[in-house]
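A.B. asks: with the sequence up front, the predicted model follows.
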Amino acid sequence: KSGLEQALEPLLRAKKGQTQLSVNSLGLSTSANAINTAEDGETVVLTIDLSLQKATEQALKQTMADIRTGKLGEAYPNAQIGAAVCIDVHTGEVLALASEPTYDPNVFTETLPESVWETLSPTYVTASGTVDSDPTLPRPLINNAVCAAFPPGSVFKPITAAAALGSDKVTAEETILDLGRYTAFSETEAPGCWTWNESHTTHGYVNLHDALEGSCNYYFYEVGVRTGSAELETTAEKFGLGQKTNIGLSGEATGMVDGQKTATRLVNQRVAAQLKQMGYTVEEETLSQALTPILSSPSLQKAQEMFSPLGIHPDDITALYQTINDNRWRESRVLAAAIGQGADSVTPLQMANAIAALTQNGLRYQPQLILSLPDSEGIQSSQVVCEPFLDAQDVQDILSGMQAVTQPGGTASKYFEDCTVSVAGKTGTAQSEGRDAYAWFVAAAPAENPSIAIAVVIGQGGHGGYAAPVARAMIEAYFAEGTGSLLAHEKTMLP
């Protein structure tokens, strides 16, 4: 068992009954006395909207197939995993949660052949013979919506915008000139906007609205630098990134927010592992105290000063310092962090909940799958885990730019032609070394006053826009066609 079935097993499992029989010398029953009465399992009502869930599963499966065969444009045959999540922005209730590839749970009702188990939980091996942990390889037992974290790419840009506007480092109206390559930190290693990398063109002067509409990396490089990595990291954490949502499903991934705190933690882990490999035993607190001044003022001399009293050989100190220097935080890394690359990784559930929080000025609920439990009075109450921290006008400016993404000129416009519901969205094409890019799409609808937030990811899906058809199908399944009115109250909630 896994998921909610595992978590709710004590409630769902029926209780066995026991009856005492009296028989005569012929073995025939003469009386029966019930000692314990059998009881059915309890009924638990979930937040999942059955109609929406079915539409989500179907759209995700079909869109992934279309990507593999090239029906959306360039074919990406390795688009084999994906996930989609829909959340009620006013309660945190999860209305749909789908993962691909999926499996039939009925196979576990009898002895499982080894061949079936290998299909459900495959082990992949690289050309060199080591285990391949590539998260884009299909593993049906992994819930990709909750238990896997992926680089977010440009769907992180609304978070960067919120951090920049909230810290008054930019205004929504200010224009920034896209020069193609961002050379503030290096002339030779300067990253370029995607338009520059593809065709040596630029977006020209852009404001926040334009930058979201066209996904201008250069704009977000600049506002990321102005905002600073510390503020960006703090804001991302307020949106719930880099931490479990505590939805109650086993194996939930934490994800990671790129920044100085994360880099410092990783340096500590790598140095600790290196010391152990060298044969040294250093307490965690002692190591942290030694590393803090080295990271504050990095030099081999400082490393020698802090590590020598611990009895570490000079040659080993040199090797340790190399590890520290290679992995320590440099502020230039804010460029990658601001556009959702670098060490950033998020689950689709985290991303959907972050967009939900954005629509509510930062008010964030703990996602919940259970609507009601036995003996509870009515539905389960929503739990607020972060109070509002965003200015309402800043939020409207961000949502306005996101709405332009789905309108003519936006990066997802062709996927929302004739859509009867207004949608604020954001595409994300997240680069990953050695494989095709992740396709991301996040959305809030209706754009003017959102009631749902959506996140879709398709591993090796190639382009962010390719994930947009899934979101559109979900939105159209949830809202009445042509009116934008809610249908949720008319639908059957999954027990």
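C.D. replies: That came through, no problem.

A.B. asks: need the residue closest to the centroid of the chain.
C.D. replies: Thr347 (2.1 Å; C-alpha atoms, centre = their mean).

A.B. asks: what sits against it?
C.D. replies: Thr347 makes contact with 145-150, 245, 252-253, 255 under the criterion C-beta atoms under 8 Å, 6 or more residues apart in numbering. C-betas here are computed from N, CA, C, even on glycine.

A.B. asks: I'd like the distance between it and Glu187.
C.D. replies: Using C-beta to C-beta, to the nearest Å, we find Thr347 at a distance of 37 Å from Glu187.

A.B. asks: coming back round to it: between which two of the contacts of Thr347 is the distance greatest?
C.D. replies: Longest distance between any two of those is 15.5 Å, between Phe150 and Thr245; criterion C-beta to C-beta.

A.B. asks: can I get stretch 246-256 as CSV, trimmed to CA atoms?
C.D. replies: Taking Å, rounded to 0.1, in the frame of the first residue of the first chain, the C-alpha atoms of stretch 246-256 are listed here in CSV:
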residue,chain,number,x,y,z
ASN,A,246,3.2,17.8,4.7
ILE,A,247,0.2,16.7,2.6
GLY,A,248,0.3,13.3,4.3
LEU,A,249,1.7,11.2,1.5
SER,A,250,4.8,9.0,2.1
GLY,A,251,7.9,9.7,0.2
GLU,A,252,7.2,13.4,-0.4
ALA,A,253,10.2,15.2,-1.9
THR,A,254,11.6,18.4,-0.2
GLY,A,255,13.1,20.0,-3.3
MET,A,256,15.7,22.8,-3.1
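
A.B. asks: quick check: closest non-adjacent residue to Thr91.
C.D. replies: Ser382 (4.5 Å; C-beta to C-beta, 6 or more residues apart in numbering).

A.B. asks: wait, doesn't that neighbour sit right on Ile87?
C.D. replies: No: contact criterion C-beta atoms under 8 Å: Ser382 and Ile87 do not qualify, at 11.2 Å.

A.B. asks: tell me the confidence at Lys491?
C.D. replies: Note on Lys491: pLDDT of 40.

A.B. asks: so which residues of the stretch 201-350 of the chain form strands?
C.D. replies: 204-206 (DSSP state E, counting those that start in this stretch).

A.B. asks: got it, and the stretch 1-150 of the chain?
C.D. replies: Ranges of strands in the stretch 1-150 of the chain, per DSSP E, counting those that start in this stretch, are 18-23, 29-36, 45-46, 82-88, 94-100.

A.B. asks: check those strands for me and report the most buried one.
C.D. replies: Ranked by mean neighbour count under mean count of other C-beta atoms under 10 Å, these are led by strand 82-88, which reaches a mean of 28.

A.B. asks: and it, C-alpha only, in CSV?
C.D. replies: Provided in CSV are the C-alpha atoms of strand 82-88 (Å, rounded to 0.1, in the frame of the first residue of the first chain):
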residue,chain,number,x,y,z
GLY,A,82,4.9,13.8,-16.0
ALA,A,83,2.6,15.1,-13.4
ALA,A,84,-0.3,17.6,-13.0
VAL,A,85,-1.8,19.2,-9.9
CYS,A,86,-4.8,21.5,-9.4
ILE,A,87,-5.5,23.3,-6.1
ASP,A,88,-8.3,25.4,-4.7
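
A.B. asks: before we move on, the earlier item: what residues are up against the residue nearest to Thr91?
C.D. replies: 91-93, 365-366, 368.

A.B. asks: with Val131 instead?
C.D. replies: If you count contacts by C-beta under 8 Å, 6+ apart, Val131 has them with 123-125.

A.B. asks: can you list the weak-confidence ranges in this structure?
C.D. replies: For the chain, the stretches with pLDDT under 70 are 1-14, 38-42, 372-380, 480-495.

A.B. asks: tell me how many other residues surround Ile247.
C.D. replies: 22 (other C-beta atoms under 10 Å).

A.B. asks: equivalent analysis for Asp326, please.
C.D. replies: With other C-beta under 10 Å as criterion, Asp326 counts 9.

A.B. asks: measure it to Met256 for me?
C.D. replies: Per C-beta to C-beta, Asp326 is found 18 Å from Met256.

A.B. asks: ditto for Ser167
C.D. replies: Using C-beta to C-beta, Ser167 is found at 22 Å from Met256.

A.B. asks: Trp440 now?
C.D. replies: Relative to Met256, Trp440 is positioned 16 Å away (C-beta to C-beta).

A.B. asks: next one: Ala161
C.D. replies: Separation of Ala161 from Met256 (C-beta to C-beta): 20 Å.

A.B. asks: which one of the two is surrounded by more residues?
C.D. replies: More neighbours surround Ala161 than the other of Ala161 and Met256, with 28 against 20 (other C-beta under 10 Å).

A.B. asks: report the separation between the residue nearest to the more buried one when sequence neighbours are not counted and Pro348.
C.D. replies: Nearest residue to Ala161, sequence neighbours excluded (C-beta to C-beta, 6+ apart): Ile398, at 5.1 Å. Going from Ile398 to Pro348 by C-beta to C-beta gives 20 Å.

A.B. asks: higher neighbour count, these two?
C.D. replies: Using other C-beta under 10 Å as the criterion, Ile398 and Pro348 rank with Pro348 on top: 28 against 25.

A.B. asks: Ala83 is in contact with the more buried one, correct?
C.D. replies: Yes: shown here, Pro348 and Ala83 form a contact pair, counting by C-beta under 8 Å, at 4.4 Å.

A.B. asks: now do the shared contacts for these two.
C.D. replies: Here Pro348 and Ala83 share the contacting residues 144-145, 456-457, scored by C-beta under 8 Å, 6+ apart.

A.B. asks: closest one of the residues you listed to Gln407?
C.D. replies: Nearest to Gln407 among these is Val456, at 19.0 Å by C-beta to C-beta.

A.B. asks: give me the neighbour count for the closest one.
C.D. replies: Using other C-beta under 10 Å, Val456 has 36 other residues around it.

A.B. asks: give me the distance from the helix or strand in which it is found to the chain's centre.
C.D. replies: Taking DSSP states H and E as the criterion, Val456 maps to strand 452-458. Counting by C-alpha atoms, centre = their mean, to the nearest Å, strand 452-458 is centred 9 Å from the centre of its parent chain.

A.B. asks: do stretch 257-270 as well
C.D. replies: From the chain centre to the centre of stretch 257-270 is a distance of 19 Å (C-alpha atoms, centre = their mean).

A.B. asks: quick one: buried residues of it?
C.D. replies: By neighbour count with 16 or more other C-beta atoms under 10 Å, stretch 257-270 contains the buried residues 257-264, 267-268.

A.B. asks: and for Thr102, the neighbour number?
C.D. replies: Thr102 has 14 nearby residues by other C-beta under 10 Å.

A.B. asks: is Ala319 in contact with Gln274, as I believe?
C.D. replies: Yes: using C-beta under 8 Å, Ala319 is in contact with Gln274, at 7.2 Å.

A.B. asks: how about the helix or strand hosting Trp196 as PDB, C-alpha atoms only?
C.D. replies: Applying DSSP H and E as the criterion places Trp196 in helix 194-199. What follows is helix 194-199, C-alpha atoms only, in PDB (Å, rounded to 0.1, in the frame of the first residue of the first chain):
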ATOM      1  CA  TRP A 194      16.900  32.700 -24.800                       C
ATOM      2  CA  THR A 195      16.200  34.900 -27.900                       C
ATOM      3  CA  TRP A 196      19.900  35.800 -28.100                       C
ATOM      4  CA  ASN A 197      21.000  32.200 -27.800                       C
ATOM      5  CA  GLU A 198      18.600  31.100 -30.500                       C
ATOM      6  CA  SER A 199      18.900  34.000 -33.000                       C
END
